[in-house]
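Asker: Pasting a predicted model and its sequence here:
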Amino acid sequence: MKKVGIIGGAGFIGSYVTKQFLENGYRVKVSATDISNKEKYAHLSALKNAENMELAPLDVQHLGQLKAFAAGCDILVHSGTPFQLEVEDPQRDLFDPTIKGTE
């Protein structure tokens, strides 16, 4: 069974990507910024074949964490970006994670 890593796989778009891969027989590794927040990821547990999914902590600005997340994945999908309506520093809190996470 092939394994796909989905950065942002619990977000609005990423959840649909996660669902499609699970339904098509993949093992799925979903990045999570805070895996202790079970409520934030509860919708993924209800997906068909959710037993083939794992949550893994990831800060995309941290190269070591990114390499560890990608290790063992046959496919890597980046669908993540921070989404917050109120931030103290838009550059630091929104733009840097989005842009640096894809460099």
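Answerer: Ah, there it is. Numbers count the residues shown, from 1 in each chain.

Asker: Any idea how far apart the tips of stretch 78-88 sit?
Answerer: Length of stretch 78-88, first residue to last, C-alpha to C-alpha, to the nearest Å: 25 Å.

Asker: let me redo that: stretch 29-47
Answerer: Terminal-residue distance, stretch 29-47 (C-alpha to C-alpha): 14 Å.

Asker: Stretch 40-52 now?
Answerer: 19 Å.

Asker: Work out the gap between that stretch and the centre of the chain.
Answerer: 13 Å (C-alpha atoms, centre = their mean, to the nearest Å).

Asker: What of stretch 65-85?
Answerer: 5 Å.

Asker: how near is the closest residue to Gly8 other than its chain neighbours to Gly25?
Answerer: Once flanking residues are discounted, Gly8 sits nearest to Gly80: 2.2 Å by C-beta to C-beta, 6 or more residues apart in numbering. In this view, the C-beta of every residue, glycine as well, is placed from N, C-alpha and C. Distance, Gly80 to Gly25, by C-beta to C-beta, to the nearest Å: 23 Å.

Asker: and if you look at Ala50?
Answerer: In this view, Ala50 and Gly25 are 13 Å apart by C-beta to C-beta.

Asker: Leu66 too?
Answerer: Counting by C-beta to C-beta, the gap from Leu66 to Gly25 is 26 Å.

Asker: So between the two, which is more surrounded?
Answerer: Leu66 (20 against 10; other C-beta atoms under 10 Å).

Asker: Can you spell out which helices and strands pack onto the strand or helix carrying the more buried one?
Answerer: Following DSSP states H and E, one finds Leu66 within helix 63-70. Applying 3 or more C-beta pairs under 8 Å, 6 or more residues apart in numbering; DSSP states H and E, we find helix 63-70 packed against strand 3-7.

Asker: 10 Å instead, please
Answerer: Contact here means 3 or more C-beta pairs under 10 Å, 6 or more residues apart in numbering; DSSP states H and E; on that basis helix 63-70 packs against strand 3-7, strand 27-32, strand 53-57, strand 75-78.

Asker: and of these, who's closest to Tyr16?
Answerer: Closest approach to Tyr16 among the helices and strands packed on helix 63-70 (C-beta to C-beta): strand 3-7, 10.4 Å.
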